[in-house]
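> 3D model of this:
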Amino acid sequence: MKFEVSSFDQLPASAAQAPQCFDFLASGAPEEWIYNTSIISYQNQVPIWGHKSYLEMSLKVLLFLIIITISCIGNYFIVIVIIKFKNSRNCTNIFICSMAIADLLTTLMFAWTSCIENLFQNYVLGPFFCKTESSAKVFFLIASVFSLTWISCDRLIGIIKPFRTPMGKKRALAVLSFIWVIAFLIASPIYFWREYRTRQWCDYLEIYCKVDSDKVDVYMFILLAFLVYIPLFLMTFSYCLVIAKMKRYETRISTEENIVKIKHRRKIILMFFIYLITSAICWSPLQVIVFYRFVAFKSVDSVKPWSEEAKFWAQVFASTNSAINPLIYGITNGSFRKAICLLYPKLSWFLRLNKLPKRRVNAVESPKTRESALPRSTFTLSKCNKIQINTISGDKIPLEKPKNKIIF
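Reported below is the predicted structural model:
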């Protein structure tokens, strides 16, 4: 039953005397009628569904559990290896550790909130996550992107000016601190644009996180475009130039040692190039949703039914990026896997470091010679022969025994 009225004085007498739910008319309704939701029926405007079906909830929770598990394990290994082995704390690895910490915090604190928001009709996360969720995600994203940007610039300058003085650890830590402070300042406005609210309808208690859409949509559009995708595009272009230039240098250098060094550096640069491509792919769907909201969401009627599901899957892609990153710049690196096995020897079977090297043993050799030719692993052989091991960034580290009695 709908009433076309211009004021509360024109309501039926029965409606004024007893509580009754009325339909809300968006056109021609006075302000007192619009904001007095206690007499308006909620389910006549939006269907009350409470939460998604249990099957859909189970599948989406399982999906996020897989993403969170891979991300936590991978980024934890990145951080713990760089913390445990002091000799691995060069400038590049310090920034890699910064990106891993940002991904780890994003996964632990806020990756799962996207799933919870999608599964429940009301906002059930409370006022703390309402205020901090979006701002923290932006904070960690900007810190990670800026860290990668600095690594890319440092690599590019190293190719252009090969005889320059390399950046020291103290300067790297100072730059890293500056990056996190700038990222915090950029992300802080979203904290003030979100507010946890409740609204009592005639037949429903609505709990929601109010967002200043006009400001947030413009902010996110500019943020993702100018602080994420433009730097990613420039870094991708720079890495293409660096890889091409290093290939030309490789053909000019005749010494075998220099060729090996350049090949290894090119491998590291290629690793960061793959990281850039995957980051752009994973964050592109969310950018499309933000752009669509910025252009199309001018009124309630323009909100499409599929928009919430599209937003959910865009956030799934963005969360997947935190799980892919450690696989790119950590787990696929042989030296890094060896370092993990030093900390956790039981993982050697999983990381496939217990295979015998392919070496032919002649029958004329003595038993001791044949026995010595079959080491338990290639890493054990390198320790026995005191061979230096390359770090994630390619720097050689002497095999010495640190204070924590772990040989690296």
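
> who are the contact partners of P326?
71, 74-75, 77-78, 100, 103 (C-beta atoms under 8 Å, 6 or more residues apart in numbering). For glycine as for every other residue, the C-beta is placed from the backbone atoms N, C-alpha and C.

> go with 10 Å
70-79, 96, 99-100, 103-104, 332, 336 (C-beta atoms under 10 Å, 6 or more residues apart in numbering).

> drop anything exposed from the residues you listed.
70-72, 74-75, 77-79, 96, 99-100, 103-104, 336 (16 or more other C-beta atoms under 10 Å).

> where in this protein is pLDDT low?
Applying pLDDT under 70 to the chain flags the ranges 1-20, 23-35, 159, 162-163, 246-266, 294, 296-305, 330-332, 350-408.

> find the nearest non-adjacent residue to V216, please.
W193 (5.4 Å; C-beta to C-beta, 6 or more residues apart in numbering).

> neighbours of the one you found, how many?
Residues near W193, counting by other C-beta atoms under 10 Å, number 17.

> nearest spatial neighbour of L276, chain-adjacent residues omitted?
What sits nearest to L276 in space, not counting adjacent residues and going by C-beta to C-beta, 6+ apart, is T236, at 5.0 Å.

> what's the domain layout of this structure?
Domain assignment for the chain by automatic domain parsing gives 8-39, 54-197+208-333, 344-391.

> A111 contacts F317, correct?
No - using C-beta atoms under 10 Å, A111 makes no contact with F317, being 11.7 Å away.

> when the two are compared, which one has more neighbours?
When A111 and F317 are compared for neighbours, A111 comes out ahead with 24 against 14, by other C-beta under 10 Å.

> what about the closest residue to that one other than its chain neighbours, distance to N75?
Once flanking residues are discounted, A111 sits nearest to S319: 4.4 Å by C-beta to C-beta, 6+ apart. Separation of S319 from N75 (C-beta to C-beta, to the nearest Å): 13 Å.

> cool, and T113?
According to C-beta to C-beta, T113 stands 18 Å off from N75.

> and for L119?
Applying C-beta to C-beta, the value for L119 to N75 is 25 Å.

> wasn't T132 part of a helix?
Yes - checked against DSSP: H, G, I helix; E, B strand; the rest coil, T132 lies within a helix.

> OK, contacts around it?
By C-beta under 10 Å, 6+ apart, the contact list for T132 reads 109-110, 113, 125, 139, 190-191, 194.

> can you turn the buried part of these into a PyMOL selection?
Those of the contacts of T132 that count as buried under 16+ other C-beta under 10 Å are selected in PyMOL with:
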select buried, resi 110+113+125+139+190+194
